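[1] Predicted model follows, preceded by the sequence.
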Amino acid sequence: MDLNYETAKAIVEAAHAAWNAGSVEGMLEKYVDDMVYATNTGPDGSLLMIRGKEDFRARFEPVMAIIDSRTSMQSFRFDGDAARVRFKTFVRHRQTGQEMTGSFRQLVQFRGFKICRLEDFHDAAKMAAFWRLVNMQTADNKRV
């Protein structure tokens, strides 16, 4: 059986449902072990590329420990072995209460019935500003 629109969409929805629940591990169940993740929100707005579940887990489990993050799918297009997806997002830093809303796009590639490559395209300047504000407020709270 080949991957079709409905199944591809269900895989992406299940991965995001796990993310919304704060479960990096649940999300990774939808990925191949040698997955590749790329985003435009690396250090100083550079490209960040992560290879493999272990490195992905090491990057995002600490993030999920300090934020609440929710995504909502806005559109989904599927072309054989890849999907283009648009999401709305909400992020709240638990300690400071700072919130960020926005949208982002993903290019999702599949191998069989799992995700093998995910590319995120965010508003990198907005994300960097959010994290600078959070880090500044967190540092100020430690001085009190």
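    Received the coordinates, thanks.

[2] Can you tell me the number of residues neighbouring Thr39?
    A count of nearby residues for Thr39, using other C-beta atoms under 10 Å, gives 20. For the C-beta atoms, the positions are set from N, CA and C on the backbone; glycine is no exception.

[3] where in this protein is pLDDT low?
    1, 140-144 (pLDDT under 70).

[4] all helices of it, in order?
    5-20, 24-28, 53-64, 124-143 (DSSP state H).

[5] out of these, nearest to Ala38?
    For Ala38, the closest of these is helix 53-64, at 11.2 Å, according to C-beta to C-beta.

[6] Show me which residues of the closest one are buried.
    53, 56, 60, 64 (16 or more other C-beta atoms under 10 Å).

[7] can you put the helices of the chain in CSV and add distance to Cys116?
    Shown next, in CSV, are those (distance: least, C-beta to C-beta, whole Å):
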stretch, distance to Cys116
helix 5-20, 11
helix 24-28, 12
helix 53-64, 11
helix 124-143, 24
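
[8] Out of those, which gets nearest to Pro43?
    Closest to Pro43 of the helices of the chain, according to C-beta to C-beta: helix 124-143, at 9.2 Å.

[9] Report the central residue of the protein.
    Asp120 (7.0 Å; C-alpha atoms, centre = their mean).
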